[in-house]
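Undergrad: I would like to see how this sequence folds:
(3 chains)
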Amino acid sequence: MKIAVASGKGGTGKTTIAVSLALAASTAKVQLLDCDVEAPNCHIFLKPVVDEEEVVSLDVPAVIEQKCTYCKKCKELCQFNAIAVFGKTIMVFKEMCHSCGGCFLVCPEEAFSRDSREIGTVVTGKGKGSIKFVQGRLRVGEALATPLIKAVRSRALEDGLVILDAPPGTSCPVINTVRGADYTLLVTEPTPFGLHDLKLAAGVLWKLEQPFGVILNRSDLGYGEVEKWCNKNNVPVHLKIPFDRKVAEGYAKGQPLVEIVPNYRDRFAFLLKELSK
Amino acid sequence: MKEILVLSGKGGTGKTTITASLALLAQNSVLADCDVDASDLHLLVSPNVQESHDFWSGVTAKVDPKKCTGCGTCAELCRFEAVSMGEKAYIDHFSCEGCTVCAHFCPEDAIELEPNLSGEWYISETKYGAMVHARLHVGEENSGKLVSLVKRESRELAEEIGAKWIIVDGPPGIGCPVISSFSGADLVLAVTEPTSSGLQDLKRLIKLAYHFKTDVCVCINKWDLNESFCNEIEVYLEDNEIPLVAKIPFDKAAVDSLVAGKPLLEYTTGLAADAIRKMWPRIEAMLLS
Amino acid sequence: MKIAVSATGSGLKADVEPRFGRAKYFLIIDMQSERVLKVIDNSEGMNAPHGAGINAASLVAEAGAEAVLTGRVGPKAFAVFDAAGIKVYSGVSGTVKDALEKFKKGDLDFDKGPTSDGHAGFGAGFGRGRGGGGGMGRGRRGLGRGRRQ
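TA: This is a model prediction of the structure:
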């Protein structure tokens, strides 16, 4: 079973929830995939022993100058303006390349050879309670997060419980994380920001036609509109976690919620049981 | 005219709350909301939309089932796993990168390229000055381009009305939209919080700012939630000679101001508001020196 | 000598467009006669989702310009000009006619590097290294220490 944890707004407690679910699971096979590759944080709480670090690269073109006739076919096909041709000069901007492979295919002279661009690292290891852990880490300065998320997802277990921690927002990287999950938990907080961004995130799941529910974090902030909205739209609220200074302080030091307040372990285990039905 | 870019790496550190209050402090400014994916600034400054525009970006491939013979060339060539084959080819909108390889090599010329309506952008009036903001449609890529557009329009607007400041609410993370938000920024204000995640993401953000040779200063929000960790961040900043412009204490009023839909500084005069007020002259000095 | 100017319109009275890659027109001008030899319409390229600067610089290079007058040039467009041996004069404003005057008088200096860091500089490394600028250092220290005591 694959459960994605997402949120429209950042900083609502996605990572806290993902880590709690993984730690509360009673199944032997549990895996946590940290797909928030721009700001991966699950490792702070799981403290994994790293088995492997693998660099992920994209195939990009390099020009074989002797073969190029400057016909511009590659430049015309490239939608990303990664190739410039003028006079008897051709330049490839490999950081612009999306690795579609079009230039290799269209070149009549076979004037391209394979080069690569590093986009990030996939780290695998074992965290607390023998949780299998996979994390993507985007190289600073790299713009394309999606191929790295795909690389993280390709390491998902076939069976067992797989938890995916998604990036915030509603754009392409989020879709690539939550897509195909059996269930998605949207973490939000009861503030106008929380409600606004929850509506956006719910829009993504509705568009994908995937089931989802809500977890309300810092649930005692006193703005009732979020729950009202959930009720009105038949979105289940699975769990409410009130603000607790002890939890916030523990979080700051990298302590998982279920270790700071042990009875949350049962509540998350119960939630998992409910979702697996 | 100087441009201040407010960023955080990690979400939820209080970036937007602080941006809204800066808007109130900086007289004669243009606001730009570059968090086009999940923009919230409008909830605090109640913009009155004056102009609304469609945002078109790139193309999406679409199969004409009348022409498609189901040969599978497109599925074979697509690097983005966007094509699934039944009797005919089907292209998934969310996976398509718009590279046009399928259309170019289709032997039946059965694939059309449709311009992609990916969002809207607006020019608005607020109590605190003009504002440029945008909304990316669900699941769209290329928010970087929309960020560039918002920045460009806000710059033009600022030049037109002779504004002194452009205050930009940046996107979270360090990827494509954040990279786009850097162009033209005179100073990055990084908003962090005293947690392991906060510090880690701050470091990645600072690395990015160095990369783009943009000056950066930091404010620690909710600093008193963990004083020892706050200290750790301060030591890091000192070691790297990065100016710390404010330590903002945790203040329940910050949440109440959100509920009230007002910038914190307008809502209350508590400790957090005070710290933000004192931060502004430091930022001003950095920019004008 | 042929030079290129990024412009908001197609004649000499038009303004110099400050953003090179997003310019609507490039005017190719013969410096001897001060006449516009060619108007390159960039309205398609200026809206490109990616790499507008690369595309625009290639167009200008292809037209045989030896120098370009504009506002700001990103690193990738600059790389194209560099490869094509075209000198870049950035920070130019006012009308195209004014810009030509200044150029003729030798009032403009050409650039040794790109004016804006745009979307890239990936290969460029961390040129500036650490640090946020001198003057502020003192102010920051005062604040940091004062509060911690």
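Undergrad: all strands of chain C, in order?
TA: C:2-7, C:25-30, C:35-41, C:67-69, C:87-89 (DSSP state E).
Undergrad: nope, chain A is what I meant
TA: A:2-6, A:30-34, A:49-63, A:83-86, A:89-92, A:112-127, A:131-138, A:161-165, A:183-188, A:212-217, A:237-241.
Undergrad: ok, chain B next?
TA: Under DSSP E, chain B gives strands at B:2-7, B:29-33, B:48-63, B:83-85, B:89-91, B:111-126, B:129-136, B:165-169, B:187-192, B:215-221, B:244-248.
Undergrad: residue B:39 is nearest to which of these?
TA: strand B:29-33 (4.8 Å; CB to CB). Any C-beta I mention is one placed from the backbone N, CA and C, and that applies to glycine too.
Undergrad: other SSEs contacting that closest one?
TA: helix B:15-25, helix B:41-45, strand B:129-136, helix B:143-161, strand B:165-169 (3 or more CB pairs under 8 Å, 6 or more residues apart in numbering or on different chains; DSSP states H and E).
Undergrad: what about the stretch 101-250 of chain B, any weak spots by pLDDT?
TA: Within the stretch 101-250 of chain B, the ranges that satisfy pLDDT under 70 run B:142.
Undergrad: in chain A, what residue is nearest chain C?
TA: residue A:81 (2.7 Å; CB to the nearest CB).
Undergrad: that residue touches residue C:55, doesn't it?
TA: Yes: Residue A:81 is within contact range of residue C:55, at 5.0 Å (criterion: CB atoms under 8 Å).
Undergrad: what touches both of those two?
TA: residue C:48 (CB atoms under 8 Å, 6 or more residues apart in numbering or on different chains).
Undergrad: so which of the helices and strands packed on strand B:29-33 is the most packed in?
TA: strand B:165-169 (a mean of 27; mean count of other CB atoms under 10 Å in any protein chain shown).
Undergrad: partner strands of it, parallel or antiparallel?
TA: Using DSSP bridges, strand B:165-169 pairs in its sheet with strand B:2-7 (parallel), strand B:29-33 (parallel).
Undergrad: please convert those strands to JSON lines, extending it with mean pLDDT.
TA: What follows is the strands paired with strand B:165-169, written out as JSON lines (pLDDT from 0 to 100):
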{"stretch": "strand B:2-7", "mean pLDDT": "96"}
{"stretch": "strand B:29-33", "mean pLDDT": "97"}
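Undergrad: what's the most buried one of those?
TA: Note that of the strands paired with strand B:165-169, strand B:29-33 is the most buried (mean count of other CB under 10 Å), with a mean of 28.
Undergrad: send me it as PDB with only the CA atoms.
TA: Output of strand B:29-33 as PDB, limited to C-alpha atoms (Å, rounded to 0.1, in the frame of the first residue of the first chain):
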ATOM      1  CA  SER B  29       6.600  49.900  -3.000                       C
ATOM      2  CA  VAL B  30       5.300  47.400  -5.500                       C
ATOM      3  CA  LEU B  31       4.500  43.900  -4.200                       C
ATOM      4  CA  ALA B  32       5.200  40.800  -6.200                       C
ATOM      5  CA  ASP B  33       3.900  37.400  -5.100                       C
END
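Undergrad: where along chain C do the helices fall?
TA: C:52-62, C:75-84, C:96-105, C:134-148 (DSSP state H).
Undergrad: what's the offset of the helix or strand of chain A with the lowest mean pLDDT from the middle of its chain?
TA: Least confident helix or strand, chain A: helix A:245-252 with a mean of 87, by mean pLDDT, DSSP states H and E. Computed by CA atoms, centre = their mean, to the nearest Å, the chain-centroid distance of helix A:245-252 equals 24 Å.
Undergrad: likewise for stretch B:38-56?
TA: On CA atoms, centre = their mean, the centre of stretch B:38-56 falls 13 Å from the chain's centre.
Undergrad: then stretch A:106-118?
TA: On CA atoms, centre = their mean, the centre of stretch A:106-118 falls 30 Å from that of its chain.
Undergrad: that one near chain B at all?
TA: Yes: looking at stretch A:106-118 against chain B by CB under 8 Å from any CB of the partner chain, the contacts come from residue A:106.
Undergrad: put the alpha carbons of that stretch into PDB.
TA: Provided in PDB are the C-alpha atoms of stretch A:106-118 (Å, rounded to 0.1, in the frame of the first residue of the first chain):
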ATOM      1  CA  VAL A 106      16.700  14.500 -35.700                       C
ATOM      2  CA  CYS A 107      20.300  15.000 -36.500                       C
ATOM      3  CA  PRO A 108      21.000  13.600 -40.100                       C
ATOM      4  CA  GLU A 109      24.800  13.500 -39.400                       C
ATOM      5  CA  GLU A 110      24.800  11.700 -36.100                       C
ATOM      6  CA  ALA A 111      26.700  14.600 -34.800                       C
ATOM      7  CA  PHE A 112      25.800  14.300 -31.100                       C
ATOM      8  CA  SER A 113      27.400  12.200 -28.500                       C
ATOM      9  CA  ARG A 114      26.100  11.500 -25.000                       C
ATOM     10  CA  ASP A 115      27.000  13.700 -22.200                       C
ATOM     11  CA  SER A 116      25.400  14.000 -18.800                       C
ATOM     12  CA  ARG A 117      24.300  16.500 -16.200                       C
ATOM     13  CA  GLU A 118      24.100  15.700 -12.600                       C
END
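Undergrad: list the buried ones in that stretch?
TA: Residues of stretch A:106-118 classed as buried: A:106-107, A:111-112, A:117 (neighbour count, 16 or more other CB atoms under 10 Å in any protein chain shown).
Undergrad: next: stretch B:77-88.
TA: B:77-80, B:82-83.
Undergrad: what's the closest of those residues to residue B:252?
TA: Looking across the buried residues of stretch B:77-88 and measuring by CB to CB, the closest to residue B:252 is residue B:80, at 46.6 Å.
Undergrad: quick one: contacts for that closest one?
TA: Contacts of residue B:80 by CB under 8 Å, 6+ apart are A:100, B:95-97, B:99.
Undergrad: taking those residues, tell me the two that lie furthest apart.
TA: A:100 and B:95 (12.4 Å).
Undergrad: which one of those two is surrounded by more residues?
TA: residue A:100 (24 against 18; other CB atoms under 10 Å in any protein chain shown).
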